[in-house]
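J.: A structural model of the following input is requested.
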Amino acid sequence: SDVTRFYTDPAARQRFLEELRANGTVRNQVVEFARADGTPVLTQRSATLGTLADQPALFVAISDLRERRRLETALLVRSAAIEAAAEGIAITDPNGVIEYVNPALLRNSGYTAAELIGCHTRIFKSGYHDQAFYQALWQTVLAGNIWRGELVNRRKDGSQYTELQAIAPVLDEKGEIVRFVAIKHDISERKRMETDLQETNAMLQHQLQEIERLQEELREQAVRDGLTNLFNRRYLDETLERELARAKREGYPLSLVMIDIDHFKKLNDTYGHQAGDKVLRELAALLWGDIRAEDVPCRYGGEEFLVMLPRMPL
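T.: Residues are numbered from 1 along each chain as shown. You can find the predicted model right below:
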């Protein structure tokens, strides 16, 4: 029967016949046929001249290319997506030898594709992780599981960078590993910012502690006598009223002891102010050594001292 009507391009039939007469065979020729309803069908055709029952015969094999073209298009789209991806992507054989890297990985690592393809992934090894770390990684992926984690790798120039990685095994129909696909997200800048933030927080914490220490010193200086380290009169004025109210409320005695150094002016005039200051400090030390924890010793004036004694009867 006349098959010309099945060709969307009638000249294709003529080319097919000419090639067949010249070579006796046609292999993997792509040709478009028209279905009975007129819709086109893309096919791949191979043909060979031969004999059948001692009669000349033409053997033709035709396969529908629509599914193949669909898969090829899908692969092209995925390939374009991988090439354009911001994440670094590497494909290795089951032993970790690199077979493919995308442009993002090249930008992050500083290598060229020619320098990486055919090399083992240990080319990125920085020395940051110990052997146990890599053993655990390989145990995970060789068991057919996806490994996720942070890796500190080394660029071509020797600098280190941190990647958040996912390494997935690719299995064939028998369940055997045929490839590994690694997706790498460079988080070096994030890690740097985290480190800077931690250092800044530590510095601020140290500064706050120093401020608190200085504030405590200022509080102490505000209520202490600089020479004797006894409480000063300002502190006594603030504390006495409060302690009197508490003693009255709780019904316990509150005693005050006044101490005055006789002839202190004469001592200063005779031996000098340094000697007088030493006497004041020695007396303060005696007071600190002979009072209870709740007692309040104060320097009330130049050579006048006062000790407040809660719960101490006269």
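
J.: neighbours of the residue lying closest to Glu83 once chain neighbours are set aside, just the number please.
T.: Setting aside the residues directly before and after it, Glu83 is nearest to Asn102 in space (CB to CB, 6 or more residues apart in numbering), at 5.6 Å. Heads up, the C-betas are built off the backbone N, CA and C, glycines and all. Asn102 has 22 neighbours, counted by other CB atoms under 10 Å.

J.: isn't Thr48 right up against Phe59?
T.: Yes. Counting by CB atoms under 8 Å, Phe59 is a contact partner of Thr48 at 5.0 Å.

J.: ok, the two, which is more surrounded?
T.: Thr48 (15 against 11).

J.: which residues touch that one?
T.: For Thr48, the contact set (CB atoms under 8 Å, 6 or more residues apart in numbering) comprises Gly24, Thr25, Val26, Leu58, Phe59.

J.: give me the element the last one is part of.
T.: Applying DSSP states H and E as the criterion places Phe59 in strand 55-64.

J.: show me what counts as buried in that strand.
T.: Neighbour-count burial for strand 55-64, counted by 16 or more other CB atoms under 10 Å, picks out no residue.

J.: so what strands line up beside that strand?
T.: In its sheet, strand 55-64 lies beside strand 40-52 (antiparallel), with partners assigned from DSSP bridges.

J.: in what helix or strand does the spatially closest residue to Glu19 that is not a sequence neighbour lie?
T.: When the adjacent residues along the chain are set aside, Glu19 lies closest to Val26, with 5.2 Å between them (CB to CB, 6+ apart). Val26 is part of strand 25-34 when elements are defined by DSSP H and E.

J.: other SSEs contacting the top helix by length along the chain?
T.: Secondary structure of the chain read by DSSP state H shows that its longest helix is helix 188-223. The elements that helix 188-223 packs onto, with contact taken as 3 or more CB pairs under 8 Å, 6 or more residues apart in numbering; DSSP states H and E, are strand 160-171, helix 233-250.

J.: centroid residue for the protein?
T.: Per CA atoms, centre = their mean, the C-alpha nearest to the average position across the chain is that of Lys191, at 4.8 Å.

J.: distance of the residue of the chain most remote from its centre relative to Asn23?
T.: Within the chain, the residue lying farthest from the chain centre (CA atoms, centre = their mean) is Asp54, at 77.6 Å. Plainly put, Asp54 is 23 Å away from Asn23 if you go by CB to CB, to the nearest Å.

J.: got it, and Asp295?
T.: Distance of Asp295 to Asn23, computed by CB to CB: 121 Å.

J.: so for these two, which sits in the more crowded spot?
T.: Here Asp295 and Asn23 are set side by side on neighbour count (other CB under 10 Å), and the busier one is Asp295, at 17 against 11.

J.: about what we covered before: model confidence score at the residue lying closest to the residue nearest to the centre of the chain once chain neighbours are set aside, please.
T.: Here the nearest residue to Lys191 in space, its sequence neighbours aside, is Thr162; by CB to CB, 6+ apart that works out to 4.8 Å. Reading off the per-residue confidence, Thr162 sits at a pLDDT of 93.

J.: count the neighbours of Thr162 for me.
T.: Neighbourhood size, Thr162 [other CB under 10 Å]: 19.

J.: for it, give me its contacts.
T.: For Thr162, the contacting residues are Glu150, Leu151, Val152, Asn153, Asp186, Ile187, Ser188, Lys191, taking CB under 8 Å, 6+ apart as the criterion.

J.: distance check, the residue nearest to the centre of the chain against Lys184.
T.: According to CB to CB, Lys191 and Lys184 sit 14 Å apart.
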